[in-house]
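**Student:** Generate coordinates for the sequence data below:
(chains A and B)
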There are 2 protein chains.
Amino acid sequence: MASTGQEITIGGVAKGSGMIHPNMATMLSFATTDAAVDPGFLQMTVKAVADETYNMLTVDGDTSTNDTFLAFANGQAGNPVIDERSPDAESFRNALHQVCNALTRMLARDGEGASHLITVRVDGARDVADARKAAKTIAGSNLVKSAVYGADPNWGRLMMALGRSGAEAQEEHVDLFVNGVCIMEAGTPIPFHRDAVIALMSGEQVDFRVSLNLADGVATAFGCDLTEQYVIINSAYTT
Amino acid sequence: MASTGQEITIGGVAKGSGMIHPNMATMLSFATTDAAVDPGFLQMTVKAVADETYNMLTVDGDTSTNDTFLAFANGQAGNPVIDERSPDAESFRNALHQVCNALTRMLARDGEGASHLITVRVDGARDVADARKAAKTIAGSNLVKSAVYGADPNWGRLMMALGRSGAEAQEEHVDLFVNGVCIMEAGTPIPFHRDAVIALMSGEQVDFRVSLNLADGVATAFGCDLTEQYVIINSAYTT
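**Tutor:** Residues are numbered from 1 along each chain as shown, chains lettered A, B, ... in the order given. As a prediction, this is how the structure comes out:
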């Protein structure tokens, strides 16, 4: 930790695949640490980190009946107990966030039938709630997910999902980027090297950025593409 | 019409296929009639009928940017103008409902890649809003839609979607039916002839009924199954 030089360790495991659209209710996730942590502070941190990681994940839009995220801290590191006012509160929060963020990306990439990890970063939103709503709606759209499977830089589908998300957006202010390449500026599709973008989208990860340019709300959602394999896995399933 | 014996005609056309989750905002629908109808009454009736038909339809959960439902009435039938207080108001409403209901079912059956029409009737809900929410969430669930494609009477997925719909439900009061066959009673899966239900689900239409047994809210949603063909159509799409 920055303030004490005391080294602590945080470990994590998680299990997902389908019926994944957590609302901390089949996703299982556990984090362990040898740090001494105040229980109230740990609970608050777990909630905040879950809202930015697991709760921003969607594989198929279907919320499971029993999502779980548990964190255990046993104090074996011998550090002074970390609570809300500790100089190390922020480093602890960041470290736990890093573990959960990595697991969330693995869960998305490991989604049933998935061939791509999708991240959707929305910035410039009216507030964080709006940014989350927009990012999660785009990441969850079957049409966006199918376009990613086909490596199709389909800005129309991104705008459609943004539009139905309920987040405040003004078309003439929206910029869109695919893996860092701008494909729409101020609501107008701009010329881009289509084959280059298709090649970028053919990698394992597709990152969308949607800049609303209204205020400073930011959020990132995590998802995966929709493939024939998803349908096969879930239609050939037998109880 | 019952009261005057005057015959009127209502015609309708509609176009859908994907990006279908209308919120009267690419679905196009037009109804025409030779009846003389008061414009205010017609508008009110169109809104009420749309809420029970087109707005209860989902092909892929993605709301289009330009859903349209227009009704035209030219009075050529020579009937007395129908308004809210006319004895024929109810027959007119029922006739328009019948046309839109038939078109909604055709739109669902014609969904991209679809092999089954799905209807979900929820009854016994706290109110109509709750019944609509539950019915539309179940009809829109990728896992329910994949199960229908696989002709799998998967009550777990129905209960999952009901649970995440936000509608009030008490597990111990829920009855589930597939094409008229009860598969769950008072929240408990009951023995049913699995092969017979699978055979029933292999037809063109799968009808789910979810009885919440709480109050008298009723609604029906319309959708279609999720198939490999949906993914192929929407990933091989090029702008």
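
**Student:** For A:Ser165, grab phi and psi.
**Tutor:** phi -70, psi -20 (degrees, to the nearest 10).

**Student:** what's the burial count for A:Glu204?
**Tutor:** 9 (other C-beta atoms under 10 Å in any protein chain shown). Every C-beta, even on glycine, is put in place using the N, C-alpha and C of the backbone.

**Student:** contacting residues for it?
**Tutor:** Applying C-beta atoms under 8 Å, 6 or more residues apart in numbering or on different chains to A:Glu204 gives the contacts A:Arg109, A:Ser115, A:His116, A:Leu117.

**Student:** Distance check, it against chain B.
**Tutor:** 16 Å (C-beta to the nearest C-beta, to the nearest Å).

**Student:** now the contacts of A:Glu204 as JSON lines including pLDDT?
**Tutor:** Output for these, formatted as JSON lines (pLDDT from 0 to 100):
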{"residue": "A:Arg109", "pLDDT": "88"}
{"residue": "A:Ser115", "pLDDT": "93"}
{"residue": "A:His116", "pLDDT": "93"}
{"residue": "A:Leu117", "pLDDT": "92"}
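
**Student:** Which member of the residues you listed is positioned nearest B:Leu70?
**Tutor:** A:His116 (39.9 Å; C-beta to C-beta).

**Student:** In which helix or strand does the nearest residue to A:Leu212 once chain neighbours are set aside reside?
**Tutor:** Leaving aside its chain neighbours, A:Leu212 sits nearest to A:Gly124 (4.2 Å; criterion: C-beta to C-beta, 6 or more residues apart in numbering or on different chains). Using DSSP states H and E, the element containing A:Gly124 is strand A:117-125.

**Student:** neighbouring contacts of that strand?
**Tutor:** With C-beta under 8 Å, 6+ apart, strand A:117-125 has contacts from A:105, A:108-109, A:131-132, A:134-136, A:138-139, A:144-145, A:148, A:167-168, A:173, A:204-225.

**Student:** could you point out which element follows that strand?
**Tutor:** Taking DSSP H and E as the definition, the helix or strand right after strand A:117-125 is helix A:128-140.

**Student:** which is the next helix or strand following that following helix?
**Tutor:** Sequence-wise, the next helix or strand downstream of helix A:128-140 (DSSP H and E) is helix A:142-149.

**Student:** separation between the closest residue to A:Arg209 other than its chain neighbours and chain B?
**Tutor:** Nearest-residue entry for A:Arg209: A:Phe177, 4.1 Å, with adjacent residues in sequence omitted and distances by C-beta to C-beta, 6+ apart. According to C-beta to the nearest C-beta, A:Phe177 stands 17 Å off from chain B.

**Student:** Can you tell me how far A:Phe177 is from A:Leu212?
**Tutor:** Using C-beta to C-beta, to the nearest Å, we find A:Phe177 at a distance of 13 Å from A:Leu212.

**Student:** Alright, that wraps it up for me.
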